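Chemist: Predicted model follows, preceded by the sequence.
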Amino acid sequence: MSQQYTPLKVTVARFSYAVKIFMTSHVGGRARLLLFGLVTLFCGISALNVLNSFVGRHFMTAIAEKQTAEFVRQALLYTGVFGASTIVSVIARFAEERLALLWREFLTHRAIGLYMSDGTFYRVAISGKLSHPDQRIADDIKAFTIATLSFVLMLLNSGLTILTFSGVLWLISPLLFIAAVVYAAFGSYMTIALGRPLIDLNYNQLDSEAAFRSSLIHMRENAESVMIAGGEERHAGFLIKQFDQLASNFRRIILINRNVGFFTTGYNWMIQIIPVVIIAPVFMNGDMEFGVITQSAAAFATLVGAFSFIVSQFHSISNFAAVVARISSLLDAIEEAQEPAESGIEFTEKGEQLAYEGVTLTAPSDVPLLRELSTSIPLGTRLLVVGDEDAAGIALFRATAGINISGIGRINRPMRDLIRFIPQRPYVAPGTLRQILVPPDRSGDVSEEQILRLLKELGLGRAMDAGEIDKEQNWATLLSPREQHLLAIAGALIAKPHYVLMEKGEVMFGQELLNQILGLLAERSVACINFAEPDAARSGYDAVLEYHTRDGSWIWIDQLGNS
C-alpha cells in the first residue's frame, strides 16, 4: 500500500492555514488567551530550571565542604523551587490539554461540516482517491492538534532553554558550550539520515490499521448475512491477509526504530560523560568548586536536550509528518469533491413540481437508455415507471436523486424537504424513532399515540412499544430490511412531502402492501412514483410512464389507457 504525498510546500501552507483559521475563528479569543498563558508558564518553568541549577550547585558544594547551616538553607530552597516547578508544570499541562481539545473541537466541527455538505461525502467515496476519510476525521485530526501543540510548546521550551542555559554553560566553560552545539548538530543529522524512511512507513501503517479495523466493523455489521451465506473462511482469509500486510509494514518500522535506537541510546549515554570529562581536570587542578561539576553536567544535558529536539522527538515527528500529509490529502479530496463532477444533466430546485426537460440517459457504454424525456409529474399522482428492462428506470431514479449519471437535459425538483427517496437498500439514520420519523419543525405536533397508530397500520406495531419512541437504539440492526423500508414510509406519511420516489416498491413491500401504501399516500395528497421491475402489476396507479430500452423511447399512459 503506497501513498502519494501532497507537495511539501502545499502541506506547509495547509498547516499554516489550519492555524490561521483557528486563531481567527469564533473561539480564537479563548485560544489566544490560553496560548499566552502557556507562553508565560513556560517562561516561568525555564526561569525556575535556571534557578534550580544554581541552587543545586550550592547544595552540592555545601555537602562537599561540610557546611551544615548552608546545607539546610539550600535544602529548603531546593524544596521550594521543586514545589513551585511542580505547580507551574501541572498548570501548564492543564492549559495545553484544554487548548488542544478546543482546537480539535473546532477542526472536527469544520471538517464534518465540509464533508457532509452538498453530497461531498458521496463524491469523496465514489472518487476512490481517498482511503478511510472516517479515520482521518476521527483520529488524524486528534493526533494533528495534540502533536502540533505539543511540538510548538516543546520548541518554545527548547528555545527558552537554549537562551537561558547557553549563558550558564558559557560562564562555566566556553569549550563545553561549543561541544554541546557540535554534539547536538551531529546527533540531529544522524537521526534524520537513519530514520527518514519512517515517514513513509508511518503513513502506510495508519492506512493499514484503518483498513483492518474497517473490515472488522464490516464483518460485525453483516454478521447475519455472512453466517447465512457461509462465507466465514473467505472473510477470515481476507482479514488475515490485511493483518499480515499491516504486520509486515510494522516489522519494517521496528527495523528502522532499532537502527535509530542504537544511535540515540548511545548518544544519550554520552551526554552524561562529556561534561565530566571536560570539567573534571579543571576541578582536579583546584580551579573550580565541586558543585560546578554537577551544575555543568545538568546544564550540558539540558542544553544538548534542547538542541537535540529532532533526536529526542524523531519518532513523534515522523508520525506527525504522516498525519499532516493525510489531513492535507483529506482537505484536497473534500475541496475537489465540493465541485460536482461535470454532468450534462442540470438540476434545479424551484417550484413545487417534479419535471423532466429533454432528459436523455446513457449507459456506461454510451448506449441510450432513455431519450428526450420531457414530462411533469402532477401533485398527488400515483405513477408507475416501467419498461422492458429496469436499467433505464434505475438510472432515472438515481439521476433524480442527484447521483451523477451520464446524460443530458434538466431535472427540476421541489426543495429537498418536499421530496423523499426510498432506495432498495434501506438506511435508517441514528437517533430515536421520533427523531427518525418526525421532522424537527413538527416535533411538538405529532403525539406518541399518532406514531404508534401509524406504525401499527403499516404492520410495525409488533416491533415498536410505547416506551421505545423516544429511546435511542441501533434500528438498523433491530429491524429487518422490510421493516426499515416501512419506517421510511411512516416518516413520509408523517412529513407529507410532495413526492415519494421508490425503487422497486413491489419488491420491497409485496403488491398487496404496496397498494395499501399507495392508498395512504394518496389520502395525504402525496405523489408516489414507483420505478418498478418489468413485470410489475399496473393496477393501483393513476398513470404509467413506459419506456423501451431498445430505442430509448417512452410513452405516458393515464389510468384510462390514453397516451
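Modeler: Done, it's in.

Chemist: does L361 sit in a helix, a strand or a coil?
Modeler: Classification of L361 using DSSP: H, G, I helix; E, B strand; the rest coil returns strand.

Chemist: okay, now the domains of the protein?
Modeler: Taking automatic domain parsing as the criterion, the chain consists of the domains 8-338, 344-558.

Chemist: show me where the chain has strands.
Modeler: Secondary structure of the chain by DSSP state E: the strands cover 344-349, 354-362, 368-377, 382-387, 407-413, 419-422, 499-503, 527-531, 543-548, 553-558.

Chemist: how about A536, phi and psi?
Modeler: phi -70, psi 140 (degrees, to the nearest 10).

Chemist: Report the separation between it and L454.
Modeler: From A536 across to L454, the span is 26 Å (C-beta to C-beta, to the nearest Å). In short, each C-beta sits where N, CA and C put it, glycine included.

Chemist: which ones are touching A476?
Modeler: P426, Y427, V428, Q484 (C-beta atoms under 8 Å, 6 or more residues apart in numbering).

Chemist: Next, the contact list for I271, please.
Modeler: Y183, F300, A301, V304, G305.

Chemist: neighbours around the nearest residue to the first one once chain neighbours are set aside, how many?
Modeler: So the one you mean is Y183. In this structure, Y183 finds its nearest non-sequential neighbour in V304, 6.0 Å apart by C-beta to C-beta, 6 or more residues apart in numbering. Counted by other C-beta atoms under 10 Å, the residues lying close to V304 total 25.

Chemist: Go through the domains of the chain and find the least confident stretch.
Modeler: Ranked by mean pLDDT, the domains of the chain end with domain 8-338 in last place, scoring a mean of 78.

Chemist: how distant is that domain from the center of its chain?
Modeler: 21 Å (C-alpha atoms, centre = their mean, to the nearest Å).

Chemist: For D558, which non-adjacent residue is closest in space?
Modeler: Closest to D558 by C-beta to C-beta, 6+ apart is A543, at 5.0 Å.

Chemist: Any idea what the one you found is bridged to?
Modeler: L383, D558 (DSSP bridges).

Chemist: Hmm, I555 and it touching each other?
Modeler: No. Applying C-beta atoms under 8 Å, one finds A543 not in contact with I555, separated by 10.6 Å.

Chemist: what about the two, which has more around it?
Modeler: Legend: neighbour count by other C-beta under 10 Å for A543 and I555, higher for A543 (21 against 10).

Chemist: list the contacts for the more buried one?
Modeler: Counted by C-beta under 8 Å, 6+ apart, A543 has contacts T381, R382, L383, L384, W556, I557, D558, Q559.

Chemist: ok, now W475?
Modeler: V428, L433, I436, Q484, L487.

Chemist: The third one: neighbouring residues, count only.
Modeler: By that I understand I436. 15.

Chemist: thinking again about what came up before, how about the contacts of W475 in a markdown table, adding distance to K20?
Modeler: Below are the contacts of W475 laid out as a markdown table (distance: C-beta to C-beta, whole Å):
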| residue | distance to K20 |
| --- | --- |
| V428 | 40 |
| L433 | 44 |
| I436 | 39 |
| Q484 | 44 |
| L487 | 45 |
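
Chemist: now for those, which pair is the farthest apart?
Modeler: For these, the farthest-apart pair by C-beta to C-beta is L433 and Q484; their separation is 12.1 Å.

Chemist: Looking at those two, which is more packed in?
Modeler: L433 (24 against 18).

Chemist: how much space between that one and G491?
Modeler: 10 Å.

Chemist: Skipping adjacent residues, who's closest to R252 in space?
Modeler: If the residues on either side of it in the chain are set aside, R252 comes closest to L201, at 5.5 Å by C-beta to C-beta, 6+ apart.

Chemist: show me where the stretch 201-350 of the chain has helices.
Modeler: Per DSSP state H, counting those that start in this stretch, the stretch 201-350 of the chain carries helices over the ranges 223-229, 232-284, 290-307, 309-338.

Chemist: Please name the residues that touch the residue nearest to L160 when sequence neighbours are not counted.
Modeler: Once flanking residues are discounted, L160 sits nearest to S46: 3.9 Å by C-beta to C-beta, 6+ apart. Counting by C-beta under 8 Å, 6+ apart, S46 touches N157, L160, T161, L163, T164.

Chemist: Quickly name whichever of these is closest to S248.
Modeler: Checking the contacts of S46 one by one against S248 (C-beta to C-beta), the nearest turns out to be N157, at 37.6 Å.

Chemist: Tell me how far the residue nearest to the closest one when sequence neighbours are not counted lies from G237.
Modeler: Nearest non-adjacent residue to N157, counting by C-beta to C-beta, 6+ apart: F42, 5.3 Å away. Look at F42 and G237: by C-beta to C-beta, they are 53 Å apart.

Chemist: one step back: could I get the strands of the chain as a markdown table with distance to I137?
Modeler: Output for the strands of the chain, formatted as a markdown table (distance: least, C-beta to C-beta, whole Å):
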| stretch | distance to I137 |
| --- | --- |
| strand 344-349 | 27 |
| strand 354-362 | 34 |
| strand 368-377 | 37 |
| strand 382-387 | 38 |
| strand 407-413 | 30 |
| strand 419-422 | 26 |
| strand 499-503 | 30 |
| strand 527-531 | 34 |
| strand 543-548 | 41 |
| strand 553-558 | 43 |
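
Chemist: For the nearest residue to G431 once chain neighbours are set aside, grab phi and psi.
Modeler: Excluding the flanking residues, the one nearest G431 by C-beta to C-beta, 6+ apart is E472, at 6.1 Å. Main-chain dihedrals, E472, degrees, to the nearest 10: phi -80, psi 120.

Chemist: Please name the residues that touch E472.
Modeler: Counting by C-beta under 8 Å, 6+ apart, E472 has contacts P430, G431, T432.

Chemist: so what's the last one up against?
Modeler: Taking C-beta under 8 Å, 6+ apart, we find T432 in contact with I469, D470, K471, E472, Q473.

Chemist: Please list all residues in contact with the residue most central in space within the chain.
Modeler: Nearest residue to the geometric centre of the chain (C-alpha atoms, centre = their mean): I137, 1.1 Å. Contact partners of I137, counting by C-beta under 8 Å, 6+ apart, are T108, A111, I112, Y115, L330.

Chemist: Go through the residues you listed and give me the one with the most neighbours.
Modeler: Counting by other C-beta under 10 Å, top hit in the contacts of I137: L330 with 23 neighbours.

Chemist: Against L107, how distant is the residue nearest to that one when sequence neighbours are not counted?
Modeler: Nearest residue to L330 in three dimensions, chain neighbours excluded: R136, at 4.4 Å (C-beta to C-beta, 6+ apart). Applying C-beta to C-beta, the value for R136 to L107 is 11 Å.

Chemist: more neighbours, the two?
Modeler: Using other C-beta under 10 Å, the more surrounded residue of R136 and L107 is R136, with 27 against 20.

Chemist: unless I'm mixing things up, the more buried one is touching R326, no?
Modeler: Yes. Here R136 reaches R326: they are 5.4 Å apart, a contact under C-beta under 8 Å.

Chemist: Please report phi then psi for D551.
Modeler: Main-chain torsions, D551, degrees, to the nearest 10: phi -130, psi 0.

Chemist: Near it, how many other residues are there?
Modeler: Burial of D551 is recorded as 9 neighbouring residues (other C-beta under 10 Å).
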